[in-house]
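Visitor: How does the following fold in three dimensions:
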Amino acid sequence: MHSNFILFVLFLFIPDFVFAAEDSLSLAAGDSAWMILAGALVFFMQAGFALLESGSSRAKNSVNVIMKNFVDACFGSLAFWFVGYGIMFGINKSGWFGESHFAVSNGEPLEYSFIFFQTMFAATAVTIASGAMAERTRYSAYLIGAIIICSIIYPVYGSWVWGSYYEGSGWLSEKGFIDFAGSTVVHSVGGWIALAGIIVLGPRLGRFTQDGKSHNILGHNLNSIALGGFILWLGWYGFNAGSTLTAEDNIGLIALNTHLAASAGVAGAIVTMFVLKMKQLMTLSINGAIGGLVGITAGCASMSPLYAIITGFVAGVIVIIGTIFLEKIKLDDVVGAVPVHAFAGVWGTLAAGIFYQENMYDASIIIIQIQGIVAAFVWTFPASLLMYFIIDKLIGLRIDSIGEQRGLDFSEHYEIAYPEFQKEILHEGKS
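Guide: Below is the predicted model of the structure:
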């Protein structure tokens with residue numbers, strides 16, 4: 001009698017437990033697959049950066065630019081796994097940095113997916129400086145900087161906003177700082193690093209004349225720039241929507257906001273060029289799109305589409321004005337990384353507070369956003385300036401003038417991208 005009753009109870013309830021466990025496993029597998037897919041899209045952005053940056057450079061430097069993009073992602077990923085991940089996402093009792101989970105090798109299945117996804121973000125942050133510093137940076141010196149950025153500079157600020165994945169939280173996160181996918185954590189940080197790099201490096205030979213006039217140095221392949229822009233735009237869907245970390249139902253809003261902001265960024269850039277009576281440059285239009293993407297990254301999950309459009313449009317305006325400003329103060333940013341990532345990232349982070357859908361125009365939220373923006377600059381820019389200054393003094397950050405004139409492809413790699421049109425470089429190198 002008793003045994004029959006027990007069997008009856010098991011028949012009623014055990015299937016529910018089994019199905020609940022299966023549902024839980026299914027959700028975890030779905031979340032893991034979503035992070036891997038989104039992370040792969042973010043990794044594909046490396047190809048976009050490589051095409052855009054190499055196309056913006058002269059032919060004699062295109063191999064060097066692609067090599068930097070290719071290899072900094074590799075060394076940066078190793079450095080982030082070994083040290084940076086623990087600083088950024090380890091147990092964070094102080095609110096300033098993580099103290100555990102370095103070189104993770106015995107994690108949970110979902111944890112590995114998270115590490116993979118965050119590694120792609122670190123690779124993006126370090127690559128931003130590459131384009132700004134193109135055509136005159138010593139290859140080995142650049143890679144040393146990339147390792148330090150992914151090990152320390154990027155993870156420390158990231159821990160303030162996104163740490164910890166395990167226990168504790170960053171001090172900016174505790175305040176309620178809004179940066180959903182990294183307008184500041186990734187893009188402004190990368191932009192401030194780029195600014196420090198171009199200050200230490202100085203401009204390319206011939207970029208500015210002795211009497212203060214600027215001389216435009218044109219990139220060699222505008223088609224490559226356009227293709228790179230399209231790839232970055234595509235990858236950004238993974239960048240922003242993937243930051244949910246789970247397959248949630250708000251992914252559609254995030255993707256739509258991302259797309260609308262990029263489109264509005266182009267509109268903002270084009271309108272600004274028209275108002276300033278500039279030529280309608282394709283390069284600046286593409287930078288407008290990327291500026292719009294950077295701008296919406298902080299608030300893509302917490303804005304309505306209308307305000308995503310406003311955010312993107314203003315970001316496009318900022319990109320054009322920022323590009324003009326850098327030229328006025330004689331800073332040579334080959335691809336416009338500082339206005340696109342630093343300046344537009346600042347605006348996007350501020351806009352995330354201004355247009356926060358649940359409580360718009362709240363002064364207390366805006367003040368917290370300003371604190372996070374300032375903190376990013378105060379930490380990242382001086383640290384990067386010091387890093388590049390020390391690298392410059394120890395091994396030299398900049399290639400010598402002869403190497404710069406010949407091109408870094410030949411000087412640094414003994415390879416050239418277009419041998420049919422660069423025979424004189426090979427001849428000079430052998431003499």
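
Visitor: So the residue nearest to residue 384 when sequence neighbours are not counted, which state does it fall into?
Guide: Among residues not flanking residue 384 along the chain, residue 196 sits closest, at 3.7 Å (C-beta to C-beta, 6 or more residues apart in numbering). In this view, the C-beta of every residue, glycine as well, is placed from N, C-alpha and C. Following DSSP: H, G, I helix; E, B strand; the rest coil, residue 196 is assigned to helix.

Visitor: and residue 196, what does it touch?
Guide: Counting by C-beta atoms under 8 Å, 6 or more residues apart in numbering, residue 196 touches 381, 384-385, 387-388.

Visitor: what does residue 172 give?
Guide: Contacts of residue 172 by C-beta under 8 Å, 6+ apart are 160-161, 368, 371-372, 375.

Visitor: Tell me how many other residues surround residue 55.
Guide: 23 (other C-beta atoms under 10 Å).

Visitor: quick one: the nearest residue to it once chain neighbours are set aside from residue 65, how far?
Guide: Take residue 55 and drop its neighbours on the chain: the residue closest to it by C-beta to C-beta, 6+ apart is residue 224, 3.1 Å away. Residue 224 sits 10 Å away from residue 65, going by C-beta to C-beta, to the nearest Å.

Visitor: any common contacting residues for those two?
Guide: What both residue 224 and residue 65 touch, as defined by C-beta under 8 Å, 6+ apart, is the set residue 54.

Visitor: The two: who's more crowded?
Guide: residue 65 (30 against 19).

Visitor: Residue 134 is in contact with that one, correct?
Guide: Yes: here residue 65 reaches residue 134: they are 5.3 Å apart, a contact under C-beta atoms under 8 Å.

Visitor: Identify the contacts common to those two.
Guide: Joint contacts of residue 65 and residue 134 (C-beta under 8 Å, 6+ apart) are 53, 57.

Visitor: Just the helices from the stretch 301-431 of the chain, written as ranges.
Guide: 305-328, 337, 344-354, 363-394, 401-406, 408, 423-430 (DSSP state H, counting those that start in this stretch).

Visitor: could I get the ones you listed as CSV with distance to residue 54, mean neighbour count and mean pLDDT?
Guide: Converted to CSV, the helices of the stretch 301-431 of the chain look like this (distance: least, C-beta to C-beta, whole Å; neighbours: other C-beta atoms under 10 Å; pLDDT from 0 to 100):
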stretch, distance to residue 54, mean neighbour count, mean pLDDT
helix 305-328, 19, 22, 98
helix 337, 14, 29, 97
helix 344-354, 22, 28, 98
helix 363-394, 22, 17, 98
helix 401-406, 17, 15, 93
helix 408, 11, 26, 94
helix 423-430, 17, 12, 55
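
Visitor: and residue 82, which of these is closest to it?
Guide: Residue 82 lies closest, by C-beta to C-beta, to one member of the helices of the stretch 301-431 of the chain: helix 363-394, at 18.1 Å.

Visitor: moving C-terminal of the strand or helix carrying residue 67, what's the next helix or strand?
Guide: Applying DSSP states H and E as the criterion places residue 67 in helix 62-79. Using DSSP H and E, the helix or strand that follows helix 62-79 towards the C-terminus is helix 85-89.

Visitor: Low-confidence regions, this protein specifically.
Guide: Low-confidence regions of the chain, defined by pLDDT under 70, span residues 1-27, 422-431.

Visitor: so when I look at residue 257, I'm seeing a strand, right?
Guide: No: Residue 257 sits outside any strand when classified using three-state DSSP, being helix.

Visitor: Quick one: residues contacting the closest residue to it other than its chain neighbours.
Guide: Leaving aside its chain neighbours, residue 257 sits nearest to residue 308 (3.8 Å; criterion: C-beta to C-beta, 6+ apart). Counting by C-beta under 8 Å, 6+ apart, residue 308 touches 256-258, 260-261, 264, 296, 299-300.

Visitor: Please pick the buried ones from those.
Guide: 257-258, 260-261, 264, 296, 299-300 (16 or more other C-beta atoms under 10 Å).

Visitor: Which positions within stretch 34-54 qualify as buried?
Guide: Going by 16+ other C-beta under 10 Å, stretch 34-54 has these buried residues: 34-35, 38-39, 41-43, 45-54.

Visitor: With stretch 282-298 instead?
Guide: 283-298.

Visitor: which of those lies closest to residue 236?
Guide: Nearest to residue 236 among the buried residues of stretch 282-298, with distances taken as C-beta to C-beta, is residue 293, at 4.8 Å.

Visitor: tell me which element the closest one is part of?
Guide: Going by DSSP H and E, residue 293 is in helix 282-296.

Visitor: Let me know the angle separating that helix from helix 305-328.
Guide: 130 degrees (axes from the mean of the first three to the mean of the last three C-alpha atoms, to 10 degrees).
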